[in-house]
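In: Sequence isn't available, so here's the structure alone:
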């Protein structure tokens with residue numbers, strides 16, 4: 001057993017462990033520091049011992065002890081020499097001292113991070129860092145901002161939570177309306193990051209599966225909030241399609257080419273129940289339209305049926321009235337290409353802010369495809385190279401490399 005197991009455990013369980021520590025000690029910096037110390041202890045002891053039966057419990061147990069040591073040192077630093085820390089637990093110790101970390105702990109921390117006292121532009125970023133384990137660089141890319149700017153937002157947000165004495169708890173129903181928008185926005189970005197690896201094997205793919213549990217808890221907490229129900233539906237539609245996202249060579253399969261026979265119908269059935277429940281509340285919103293776009297695709301029974309591009313384009317037109325941002329317009333352009341043609345789609349894509357999209361891989365991938373379809377192969381190759389340079393997920397990289405290869409063949413150029 002080596003570093004690989006620790007990396008896997010830290011990615012899979014870090015968010016839950018940090019959330020539980022933050023809930024226990026009411027200190028975000030302490031929670032992060034203690035978890036880092038636990039990972040260091042694991043790196044030193046796991047290669048020498050038998051594999052812990054429950055890595056999450058092991059990391060939580062050690063992190064809790066490290067946090068207590070840190071608090072003790074803070075209190076007696078000038079008067080006493082603290083006792084040495086307890087040795088890391090064995091696999092058997094971890095089984096006995098199994099602190100069950102449940103999704104509610106993470107949901108609680110999400111509500112804390114989305115408190116109105118925290119600046120709106122920092123709420124989602126803080127949650128993605130603490131709860132979802134995304135790096136500062138990954139979050140900066142998701143928000144299309146510079147990494148130093150994002151880092152400053154995180155520092156200010158944690159300081160504000162400490163200074164304001166915000167309670168680490170899920171607030172009462174009276175406080176939900178002022179926080180639920182930020183909570184849902186946070187979960188959207190987190191799920192998009194987890195969802196981007198089509199293979200389901202990326203470092204955040206585990207969070208995609210856990211999102212089914214988190215959205216179920218949220219829908220139970222807020223059964224009359226249609227946007228919560230719709231987002232829970234969206235996650236189920238998307239996760240239902242996971243088995244069809246890869247071809248036999250491990251490359252991403254575009255949605256229009258996925259075999260509906262491989263989709264998980266029970267999840268689609270759950271999604272339909274949730275989306276219909278949201279519609280009955282008669283309070284429309286952007287997430288209901290986003291879920292409806294997924295529903296349009298999941299209504300397809302086989303590849304023999306035509307792709308629902310006209311319906312998808314109409315839904316994106318409606319979504320723009322709620323959420324007119326560059327990412328929505330980029331996704332809409334893909335539908336425009338199928339309904340109206342690639343020339344119109346490229347004109348709309350080129351109208352978008354290329355500076356903001358400089359480090360956004362999907363922007364360059366969409367441009368590359370449109371340029372290739374219009375016969376502008378040289379420009380297409382440059383756009384594919386830009387997308388590949390941004391380190392896409394493995395399945396997406398394979399797909400992009402294939403598309404680039406086809407564009408190069410048309411021009412009778414070397415593949416690299």
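Out: Thanks, I have it. Keep in mind it's a predicted model, so treat the numbers as computed, not measured.

In: If you rank every helix and strand of this structure by mean pLDDT, what lands last?
Out: helix 91-96 (a mean of 37; mean pLDDT, DSSP states H and E).

In: Mind checking the pLDDT average for the helix or strand that that one is followed by?
Out: Using DSSP states H and E, the helix or strand that follows helix 91-96 in sequence is helix 103-113. Average pLDDT, helix 103-113: 73.

In: Show me what the helix or strand following helix 103-113 is packed up against.
Out: Counting by DSSP H and E, the next helix or strand C-terminal to helix 103-113 is helix 120-130. Applying 3 or more C-beta pairs under 8 Å, 6 or more residues apart in numbering; DSSP states H and E, we find helix 120-130 packed against helix 3-25, helix 28-45, helix 103-113, helix 136-143, helix 147-164, helix 176-195. The C-beta positions use only the backbone N, C-alpha and C, and glycine is treated the same way.

In: Let me see the mean pLDDT of whatever helix or strand comes next after the last one.
Out: Scanning the chain past helix 176-195 towards its C-terminal end, the next helix or strand to appear is helix 205-221 (assignment: DSSP H and E). When pLDDT is averaged along helix 205-221, the result is 76.

In: Who are the contact partners of the residue nearest to residue 299 when sequence neighbours are not counted?
Out: Excluding its sequence neighbours, the residue lying closest to residue 299 (C-beta to C-beta, 6 or more residues apart in numbering) is residue 308, at 7.1 Å. Residues in contact with residue 308, defined by C-beta atoms under 8 Å, 6 or more residues apart in numbering, are 296, 297, 299, 300.

In: For PyMOL, write the selection for the buried entries among those.
Out: In PyMOL syntax, the buried subset of the contacts of residue 308 is picked out as below (16 or more other C-beta atoms under 10 Å):
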select buried, resi 296+297+300
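
In: Out of the contacts of residue 308, flag the one nearest to residue 403.
Out: residue 297 (21.0 Å; C-beta to C-beta).

In: Is the closest one in a helix, a strand, or coil?
Out: State at residue 297, reduced to three classes by DSSP: H, G, I helix; E, B strand; the rest coil: helix.

In: what sits against it?
Out: Per C-beta under 8 Å, 6+ apart, neighbours of residue 297: 237, 241, 255, 308, 312.

In: pLDDT score for it?
Out: Note on residue 297: pLDDT of 97.

In: Out of the contacts of residue 297, who's the most crowded?
Out: residue 237 (25 neighbours; other C-beta atoms under 10 Å).

In: For the nearest residue to that one once chain neighbours are set aside, pull up the helix or strand it's in.
Out: The spatially closest residue to residue 237, leaving aside those adjacent along the chain, is residue 294, at 3.6 Å (C-beta to C-beta, 6+ apart). According to DSSP H and E, residue 294 maps onto helix 286-298.

In: Now the element after that helix, going C-ward?
Out: helix 309-320.

In: Tell me what angle that next one forms with helix 286-298.
Out: 170 degrees (axes from the mean of the first three to the mean of the last three C-alpha atoms, to 10 degrees).

In: Check which helices and strands the helix or strand following helix 309-320 sits against.
Out: Downstream of helix 309-320, the first helix or strand assigned by DSSP H and E is helix 326-339. Here helix 326-339 touches helix 309-320, helix 342-351, helix 361-373, going by 3+ C-beta pairs under 8 Å, 6+ apart.

In: Of those helices, which stretch is the most buried?
Out: helix 361-373 (a mean of 23; mean count of other C-beta atoms under 10 Å).

In: now that helix against helix 136-143, angle please.
Out: Going by the same axes, to 10 degrees, helix 361-373 makes 50 degrees with helix 136-143.

In: Quick one: list the elements packing against helix 361-373.
Out: helix 326-339, helix 342-351, helix 377-389, helix 394-411.

In: Nearest to residue 261, out of these?
Out: helix 394-411 (19.9 Å).

In: counting contacts, what elements does the closest one pack onto?
Out: Against helix 394-411 (3+ C-beta pairs under 8 Å, 6+ apart) you get helix 361-373, helix 377-389.

In: try 6 Å
Out: Helix 394-411 sits against helix 377-389, with contacts defined as 3 or more C-beta pairs under 6 Å, 6 or more residues apart in numbering; DSSP states H and E.

In: now the helices and strands packed on helix 361-373 as a markdown table including mean pLDDT and distance to residue 67?
Out: As requested, the helices and strands packed on helix 361-373 are exported to a markdown table (pLDDT from 0 to 100; distance: least, C-beta to C-beta, whole Å):
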| stretch | mean pLDDT | distance to residue 67 |
| --- | --- | --- |
| helix 326-339 | 95 | 38 |
| helix 342-351 | 95 | 49 |
| helix 377-389 | 95 | 41 |
| helix 394-411 | 88 | 36 |
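
In: Any idea which of those gets closest to residue 132?
Out: helix 326-339 (18.7 Å).

In: Could you check how far that closest one is from the centre of its chain?
Out: 21 Å (C-alpha atoms, centre = their mean, to the nearest Å).

In: Next: stretch 386-403.
Out: On C-alpha atoms, centre = their mean, the centre of stretch 386-403 falls 19 Å from that of its chain.

In: same deal with stretch 358-365?
Out: Using C-alpha atoms, centre = their mean, the offset of stretch 358-365 from its chain centre is 17 Å.

In: Was I right to think residue 292 contacts residue 315?
Out: Yes. Look at residue 292 against residue 315 with C-beta atoms under 6 Å: they come within range, at 5.5 Å.

In: intersection of neighbour lists for the two?
Out: Common contacts of residue 292 and residue 315 (C-beta atoms under 6 Å, 6 or more residues apart in numbering): none found.

In: ok, the spatially most central residue of the chain - contacts?
Out: Centrality entry for the chain: nearest residue to the mean C-alpha point is residue 190, 2.4 Å, by C-alpha atoms, centre = their mean. By C-beta under 6 Å, 6+ apart, the contact list for residue 190 reads 128, 132.
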